[in-house]
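[1] below are the sequence and a predicted model for it; my questions follow.
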Amino acid sequence: MPLSLNEIRDRATAFAREYRDASNENADAQSFWGDFFKVFGINARRVGAFEKPAQNLASQSGRGRIDYLWKGVVLVEHKSRGQDLDRAAGQARDYFPSLKDSELPRYIIVSDFARIRLYDLEADQSTEFALAELPRRLGLFGFISGYTTRSYGSLNAVDVEAAEKLGLLHDLLEDDGFGGKALDVWMVRTLFCLFADNAGIFETGIFRALIETRSAEDGSDLGALITRLHRVLATPEQQRQKSLDESLAAFPYVNGRLFDAPVEQPETNTKMRAALLDCARVDWSRVSPAIFGSLFQSIKNRAERRRGGEHYTTEANILKCLDPLFLDGLRAELAAAKQDARRLNAFLLRLRRIRIFDPACGCGNFLVVAYRELRRLELEALRRRYGGDDAGQLVGVVLSQVNVDQMFGIEVEDWPAQIAQVALWLTDHQLNMELSQEFGQLRLRLPLTTAPQILVGNALREDWAGFVKPGADAYCVGNPPFIGGKYMSAAQRADVALVFHGTKNAGLLDYVACWYRKAAEWMASDDRAECCFVSTNSITQGEQPAVLWADLWPRGVIINYAHRTFRWTSEARGRAAVHCVIIGFALRDRAAKHLFEYARAEGHPQAIKVGRINPYLIDGPMVALTRRSSAIGQNPQMSLGNQPIDGGHYLFSAEEKALFLEREPKATSLFKQWIGSEEFINGNRRWCLHLADVGPEDLRKLPVVLERVNAVREFRGKSKRPATQELAKTPTRFAFTNVPTRRYLVVPEVSSEDRPFIPIGFEPPTVLASNLLKIVPDAENYHFAVLTSRMHMAWVRAVCGRLKSDFRYSSGIVYNNFPWPTPTEAQRAAIERSAQGILDARAAHSGASLADLYDPLTMPPKLVAAHAANDRAVDAAYGQPRGFPTEAARLAFLFDLYQNLVAPLDATPTRRRPKSRRGPG
C-alpha cells in the first residue's frame, strides 16, 4: 500500500526538523535528497542516480555532474546554504543538451538546505518555499510518490469581474428599495442581455449602445427603457409595431418564457446607469454560464444561504464529481475510437442517449458544466469523423445532436429553475459557436424551442423515476442542500421523516442524506444508473454513517469512488465555507475504485486506487459504528466534565478572581482551578466558584458570592428550556457535576487535526474539568499510552466527528467503539514505561503548553522519540511488533478487529435485490 498523506506529512515534518539547522559541514546533498525522497516512500537510488556525469555548457571544462537525475521526471541541483538559486536553476537547464529526449525531466528542484524551489516545466510555473513549510507543500510533489494529482481549472479573472460588477448593480437597486422577486427577475433578464450582447445572440454591442444612446445621463429613464426592451424580446418580429424605435427593433425574438411575464419597473438614477454600463463593458462572451448561479446567488446574504442550504460551486469542484462519474469513461472511449468511423458513429449516438439528472439543481451549475463537457466530447468526435480540408463544406451534415433536452433537474424555487434554463441555452449557444468555428456557418437556435427538463418542486416528494428514467447512460449528480439537523425547518424535518419512514434514528441525519435514499430507490428499477453527490462531511463521521448505511446497504448501494474531506468553495460573493465529501455510488460494483485524499482541506486531491470503500471513506471492512454506552472490554469509562449552565457567573480569569477576592476575601477556599479544551491545550487556566458543598449558613455570610448565586438563578429562570428553568431552584449546583476523587485523564473534545497526536494528560482532583473535556477517572498510564498512540490516532482520523476540519472527540462513537489491545503482562508493563517516558519528556519543558509541545514544527526531539517508543510498544500489544507499512493497513487491521469484537452491522450486508426489472449488463 502507498503511504497515506498523513504518514507523508509526518515524515515531512520530521525531515524539516532534522535539516532545519543543517550547515554545509554537518550535512551533504546526497543525504539530504535521499532523505527527502524517503518522505514520499521512494528510494532515490532505485529510481535515479546521484552525481550523474553530463555535458554542462556553463562549465569551463564543458563537463559537470548532475546532483540527482530521475530520468524523465526530475533533475535536482543542490547548492551550499545561501547561494543563488537562480544560478542553480540555470545550471540545471544547461545540462539538458546532453540528455536524451526520454531523459528530459518535467521538473527541476533546486535547494540550498534552507530553501526549496520547484519548477514545473510543462506548466511553466515555479514555487519557492522555506524548508519548514514542506509539510504544507506536499501537494506539489505528488509526482514523486506516484500519487496522481488531479488539477482542476479555477475561476478566471473575467468571471470574477463580471460577478462583482453585477453584484454592485444589484446592491444599488436593492438599497434604493427595489427588491424581492421583481429584482430577481430584472437581474436575470439583464444577465441574459449582457451575455447576448457579446456572444452573437444579439448584434454585437447593441444592448450597450441602447443604454448609451437611448437613456439620459442621469439614468432617470433607464428602468423604463429596459422594461420596454423586455417586452420587445418577448414579441415575435412580425407582431411588433412598425413604428418601433429602430434601436429596439434590432433585437431578435427570444421567447423561452424568459421575457414573457410583466414585471415591476425600477426607478433608476445616475449611479445605476453607470453600474449597468460598467457591466456592459465586460466581455461576457468569455464568462462561463456555469457561474450564472453564483452570479445570482451573490446577491443573497449569508443567513439566507444557510437557511436554503445553497452552496454554489466552482467548476473545479463540479468536475470532481463529473469526471469519475462518466466523463473519464467517455474520454477513454473516444481515445480508443481513434479515427475509426464506425466506432466514432457509435460514440456519437451514445452521447445523444446520455441523460444528466440533478435532483437539487438550483441555478443549474452541474447541468451546465456537464452539458458543456458532453458537447466538447461531441465536437472532438465530429472533428475526428469529419475533419479535414473540406470541413467547412460540411455544415449541413455536421450538426450537434447533443441537446439541452438531455439535461434534467428538480428545483424547489421557480427563479433558480429559470436561471438554469437560461444558463443551459447560453451554454448551447457558446458551443454552437465553437462548432461553427470548426465546420462552418453558425446555426443560431432562436427563438428558443428545445428546452432543458427542469421541474419546479420538492425533489424529496417527487417521483424521480417518473421524471427521468434510470438505466444505462443515466447519471444523477449534484450538491443537495447542506443543512445539519439543528438548522432544519419543520418542513425539512417532515421531509426526512417521509423519506426515511421506518428507519431508526433518522432524526440524526443531515438533510442531504434524503437524496441518497431517493437515489437508491431511483436506481432500483435499473441498476445501470449511477449517482454522485457532494455532501457535508458529517455524513461520514460520528453517528450518521451507521444510521444512513443501515438503510442503504440492504438496498444494494456500493461506494465506487469518493473524495475525502476538502474545503468546498463557491464563486458567489461572501463564499460559503464548508467542509465536504464527494461520494460516487451505484448498485453495481466497479472493478476499479478510487479514493481522493487531501493533504490540506483546501488543496488538490491525490487519487489512490483501492479495493473497497466503507462509510468512513477509507479502504476498510464494511462496518459502521453505532453509539455505545460503555467501552469495549474491561476498560475504564469515559464521561463528561462539569457543566455549570451559569451564564459565566461562576467562572473567572486570574484577574477577575483577584478583584472578586478583594471584595470577598473569605471566599478564597471556594475557588477551584477550571479547565476546558482551550485552557488545557494552551495552558490558560481559569477559576471556578464551586459552591456545591457550601452550607446555607456559610453562604449567607458571603454577600458578594450571593450576588453571583442570584445572577445564576435569574439566568436559568429566563431560559426557554424547562430543564434549565428547573435548575434555577438549585442555583449553587452545576447542571452536571463530575468531580473525581483522584488523578484523572483528560481528552479535549475539540482539537486541531494538524497535530500528530491529540494532546491528552492527567489532572489532579483539585482541578475541575468543563464539559468541553472528556474525562476518564479510573485511567492509568497504560490507558494514557494507548490513547496517545498512532493506533488510536488512526482510529480518530477515520471515525471522529469534525468541527470544520478539527477533531470533535466523542465517547459514544470514538472511545467506546475503539478496539483495545489485549496485552500480555510484559507488554502492558512496556506500555506503562513508554507512557512514563512521554510524561517525562513533557515535564522537561515545564514552561511549554501542550500546544507548544505538539506543534509539528516545535515538538521536542525527546518527545518525538518517546512517542515513537510508545507506538512500538502499543503495536506489539496488538500483535504487530514490526508496526504497519501504512496508515491504511493500520485502519484495516483496526476495523477487522472491531468487526470481530462487535460488528454492529453485518460485515458483508445482505443486499436486497429490487423486485423490478433491471437492465442488462
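    Yes, it's here.
[2] contacts, neighbours, all on C-alpha from now
    Noted.
[3] what bits of the stretch 751-900 of the chain have low per-residue confidence?
    Counting by pLDDT under 70, the stretch 751-900 of the chain contains low-confidence ranges at 804.
[4] show me where it has its helices.
    According to DSSP state H, counting those that start in this stretch, the stretch 751-900 of the chain carries its helices in the segments 781-787, 790-799, 825-843, 850-853, 861-877, 887-901.
[5] distance to residue 494 for those helices - can I get that in JSON lines?
    Formatted as JSON lines, the entries for the helices of the stretch 751-900 of the chain read as follows, by distance: least, C-alpha to C-alpha, whole Å:
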{"stretch": "helix 781-787", "distance to residue 494": "41"}
{"stretch": "helix 790-799", "distance to residue 494": "28"}
{"stretch": "helix 825-843", "distance to residue 494": "51"}
{"stretch": "helix 850-853", "distance to residue 494": "44"}
{"stretch": "helix 861-877", "distance to residue 494": "48"}
{"stretch": "helix 887-901", "distance to residue 494": "34"}
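[6] with adjacent residues omitted, what lies nearest to residue 854?
    Spatially, and ignoring its direct neighbours in sequence, residue 854 is nearest to residue 755 (5.9 Å; C-alpha to C-alpha, 6 or more residues apart in numbering).
[7] got the contact list for that neighbour?
    Under the criterion of C-alpha atoms under 8 Å, 6 or more residues apart in numbering, the contact partners of residue 755 comprise 854, 855, 856.
[8] ok, now how distant is it from residue 851?
    According to C-alpha to C-alpha, to the nearest Å, residue 755 and residue 851 sit 9 Å apart.
[9] check the gap between the residue lying closest to residue 169 once chain neighbours are set aside and residue 230 for me.
    Sequence neighbours aside, residue 275 is the residue nearest to residue 169 in space, at 5.5 Å (criterion: C-alpha to C-alpha, 6+ apart). Distance check for residue 275 against residue 230: by C-alpha to C-alpha, it reads 19 Å.
[10] between the two, who's got more neighbours?
    Neighbour comparison, residue 275 and residue 230: the larger count goes to residue 230, with 23 against 18 (by other C-alpha atoms under 10 Å).
[11] distance from whichever helix or strand residue 351 is part of to the middle of the chain?
    When elements are defined using DSSP states H and E, residue 351 is found to belong to helix 341-353. If you compare the mean C-alpha spot of helix 341-353 with that of the full chain, they lie 35 Å apart, counting by C-alpha atoms, centre = their mean, to the nearest Å.
[12] which helices and strands does the next helix or strand after that helix pack with?
    Using DSSP H and E, the helix or strand that follows helix 341-353 towards the C-terminus is strand 355-358. Strand 355-358 makes packing contacts with helix 365-386, strand 407-411, strand 474-478 when contacts are defined by 3 or more C-alpha pairs under 8 Å, 6 or more residues apart in numbering; DSSP states H and E.
[13] contacts only, for the nearest residue in space to residue 884 that is not next to it in sequence.
    The spatially closest residue to residue 884, leaving aside those adjacent along the chain, is residue 890, at 5.8 Å (C-alpha to C-alpha, 6+ apart). Contact criterion C-alpha under 8 Å, 6+ apart gives 791, 794, 884 as the residues in contact with residue 890.
[14] for the second one, what are its contacts?
    Residue 794 is in contact with 887, 890, 891, counting by C-alpha under 8 Å, 6+ apart.
[15] hmm, try it at 7 Å
    Contacts here follow C-alpha atoms under 7 Å, 6 or more residues apart in numbering; on that basis residue 794 touches 887, 891.
[16] re earlier: tell me which of the helices of the stretch 751-900 of the chain lies nearest to residue 210.
    Each of the helices of the stretch 751-900 of the chain has some distance to residue 210 by C-alpha to C-alpha; the shortest is helix 790-799, at 59.5 Å.
[17] is it true that residue 750 touches residue 805?
    No - with contacts defined as C-alpha atoms under 7 Å, residue 750 does not count as touching residue 805, sitting 10.1 Å away.
[18] just want the most central residue of the protein.
    The centroid of the chain falls nearest to residue 566 when counting by C-alpha atoms, centre = their mean (2.6 Å).
[19] phi, psi of that residue?
    In terms of degrees, to the nearest 10, the main-chain angles of residue 566 are phi -150, psi 170.
[20] what about residue 521, neighbour count?
    Applying the criterion other C-alpha under 10 Å, we find 17 residues in the vicinity of residue 521.
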